[in-house]
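**Q** Just the structure for this:
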Amino acid sequence: VLFNPVLEAPSGAHGHREVGREGCMSVPDLTGEVARDSAVVVRGVGLDGEAQVLECDAFEARAVQHELDHLDGLLFLDRVVSPERVFRRRVYR
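**A** Numbering: from 1, shown residues only. As a prediction, the model looks like this:
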């Protein structure tokens, strides 16, 4: 748990972004391709009141950015690389 999280890119990863498919339970029928930083650092305050630093890369970095977007009122649909890169989720029977 982090209070007041602040997202920053680590010093060696400036400009390195990867496009990946994302979905969200807030929009259960759609997925889309979103460009995200491949590595991030999140600073905040833990439950104990102490400063915390979380270094993330790969899938964890994507998930953290996705979830922090929710705190700013954004969905992955607000960040898709283009409207043509939004897809209906397949229904399997």
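
**Q** Could you use CA atoms for every contact and neighbour count after this?
**A** OK.

**Q** At which residues are the strands of this structure located?
**A** 3-8, 17-24, 27-37, 39-45, 51-57, 86-88 (DSSP state E).

**Q** Next, the buried residues of stretch 43-54.
**A** Arg43, Gly44, Val45, Gln52 (16 or more other Cα atoms under 10 Å).

**Q** which one of these sits closest to Ala58?
**A** Within the buried residues of stretch 43-54, the smallest distance to Ala58 is 17.8 Å, found for Arg43 (Cα to Cα).

**Q** That closest one reaches Val64, doesn't it?
**A** No: under the criterion of Cα atoms under 8 Å, Arg43 makes no contact with Val64, lying 11.8 Å away.

**Q** on that earlier part again, what's the most buried one of the strands of the chain?
**A** A comparison of the strands of the chain by mean neighbour count, using mean count of other Cα atoms under 10 Å, puts strand 39-45 on top with a mean of 20.

**Q** Touching that strand from outside, list them.
**A** 2-10, 13, 51-58, 61 (Cα atoms under 8 Å, 6 or more residues apart in numbering).
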